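**Student:** got a predicted structure plus its sequence, pasted below:
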Amino acid sequence: MQIKDVLLAPGAGAFFYDDQEAIKSGAIQDGFIYVGAPTTPGFKSIRIPASSVSVGFVLTDETVVWGDMMNVQYSGAGGRDPLFDTNQISDLTSSVVVSRLLDVDAFRYLEACAKVLEPHQHERLPLAIEYGVSQALLRAAAHLQRKTMAEIICSEFDLPLPTRRIPIYCQSGDAREINVDKMILKAVDVLPHGLINSRQKFGVGGQTFMEFVKWVATRTDEIGRPGYHPVLHFDVYGWIGQEIGLEPQRIADFICKVADTVPDFTLNIESPADFGSTQAQIEHYAKIVSILDSRGSSARIVVDERCNTLEDIRLFAEAKAAHLVQIKTPDVGSLADTARAVLICKANKVGAYVGGSCTETDLSAQASVHISAATQADMMLAKPGMGVDEAFSIVGNEQNRLLAMVNRRRSQNENVG
């Protein structure tokens, strides 16, 4: 077959793995570290440098194609896979996955993913392995067929070649004010995330958060170029529910109050509350969505926590339990499932946001761009890392290069036709 050897190389993710439960419970920041004992299994401290493992396929023509395996920043939280273990992932890849790769037809992407990523001992492979291996398989198919990764996805899912640029969403990390200015100056489509992950950042009754929302809107008007009008997107990590209670009506009332302070903007609120289980999350998010819609609010609910796998995404989309679903790529696993997730959202008329994590790498970010463009998602995350400049350039430039190639291909096809 086309893969004749498999390489593994240890690597670094672009940010850190954080113990979300410890942070939510009030861990104090001291500079860049958190002080206190970790609470989530696997964490030796609350914040640790993100690690990754690159998997490379040596093809018969000696070309090497790569994919990167890692987990998300808040590993082990909200039903996610546990903290990334470099040795465990490398050992399992070597002992189980390599033999499958050497015996697969890499020309056929979906078929190759299905065969290589089959369960092992009646259990699904770690999602990090699915994610990295599916990236490398996509690059292998693209190389073998002399196409872009996006064209492979379009061909496999019977989709037209992409024409529309996908809006890019940047995240600020803790350097909120400086990074908001960067986003505005670079005319980012969706901003700023805000990292509202503690009581200190949310404030009593949400007052600190509301002031920040108003500041972002005002700052956009002050320094943005004429006609620039981004979507405002804030991730509140469940703090609305944690601070004002888990009653959907009260949560919807608060969100409407925030939206009323920035009436000229579309407002995305990600993870307004954590109701403790996927089923409870679906039921209560659907109520919040319904209340906002009935009021004609400009606010939109974005689901993240408790919506990890392809099946979770299907359940949320079918229940209309969000206006926008974050398809968190390392949590979904195979990139083939990320493509399926976007298409499920579209079929149910729910927004599809191809997200991911700051812990990712340049390779995983670039592969995600091709999935987003091929499936024509509603927006995609600028990643990896928590800096604006690097992530925006990696994702934005990859999209622009892809569209240039696809437009040339479309022109050639039209001339032949």
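**Tutor:** Thanks, I have the structure now.
**Student:** quick check: neighbours of the lengthiest strand in the chain in the sheet, parallel or antiparallel?
**Tutor:** Across the chain, the longest stretch assigned as strand under DSSP state E is strand 3-18. Using DSSP bridges, strand 3-18 pairs in its sheet with strand 47-59 (antiparallel).
**Student:** can you show me the CA trace of the strand it pairs with as CSV?
**Tutor:** Taking Å, rounded to 0.1, in the frame of the first residue of the first chain, the C-alpha atoms of strand 47-59 are listed here in CSV:
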residue,chain,number,x,y,z
ARG,A,47,-1.3,24.7,34.7
ILE,A,48,1.2,22.6,32.8
PRO,A,49,2.8,23.1,29.3
ALA,A,50,0.8,21.5,26.5
SER,A,51,2.4,18.5,24.8
SER,A,52,1.7,16.8,21.5
VAL,A,53,2.9,13.9,19.4
SER,A,54,3.4,14.2,15.6
VAL,A,55,2.7,11.2,13.5
GLY,A,56,4.3,11.0,10.1
PHE,A,57,3.6,8.6,7.2
VAL,A,58,6.4,7.8,4.9
LEU,A,59,4.8,7.2,1.5
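**Student:** and the longest helix seen in the chain, how far out from the chain middle?
**Tutor:** The longest helix of the chain (DSSP state H) is helix 388-416. Between the centre of helix 388-416 and the centre of its chain there are 20 Å (Cα atoms, centre = their mean, to the nearest Å).
**Student:** how about stretch 103-116?
**Tutor:** Offset of stretch 103-116 from its chain centre (Cα atoms, centre = their mean): 24 Å.
**Student:** go on, stretch 5-21?
**Tutor:** That offset, for stretch 5-21, works out to 16 Å (Cα atoms, centre = their mean).
**Student:** hmm, Y285 and K320 touching each other?
**Tutor:** No - contact criterion Cβ atoms under 8 Å: K320 and Y285 do not qualify, at 9.0 Å. (Each C-beta comes from the backbone N, C-alpha and C, glycine too.)
**Student:** of those two, who's got more company?
**Tutor:** Ranked by neighbour count (other Cβ atoms under 10 Å), K320 and Y285 place Y285 first, with 27 against 16.
**Student:** which residue is the nearest non-sequential neighbour of that one?
**Tutor:** A321 (4.1 Å; Cβ to Cβ, 6 or more residues apart in numbering).
**Student:** same deal with G194?
**Tutor:** Here the residue nearest G194, using Cβ to Cβ, 6+ apart, is F234, at 4.7 Å.
**Student:** quickly find the element holding the one you found.
**Tutor:** strand 231-235 (DSSP states H and E).
**Student:** same deal with L191?
**Tutor:** Applying DSSP H and E, one finds L191 within strand 190-193.
**Student:** do you have the strands of the stretch 151-300 of the chain handy? List them.
**Tutor:** Counting by DSSP state E, counting those that start in this stretch, the stretch 151-300 of the chain has strands at residues 168-169, 190-193, 231-235, 267-270, 299-303.
**Student:** out of these, nearest to S75?
**Tutor:** strand 231-235 (16.8 Å; Cβ to Cβ).
**Student:** what bridges to the closest residue to A259 other than its chain neighbours?
**Tutor:** Using Cβ to Cβ, 6+ apart and skipping residues adjacent in sequence, the residue nearest A259 is A299, 4.1 Å away. As for beta bridges, A299 partners with L267 under DSSP bridges.
**Student:** hang on, the earlier thing: how far does the strand holding F234 sit from the chain's center?
**Tutor:** Strand 231-235 has its C-alpha centroid displaced from the chain centroid by 14 Å (Cα atoms, centre = their mean).
**Student:** okay then, goodbye and thanks.
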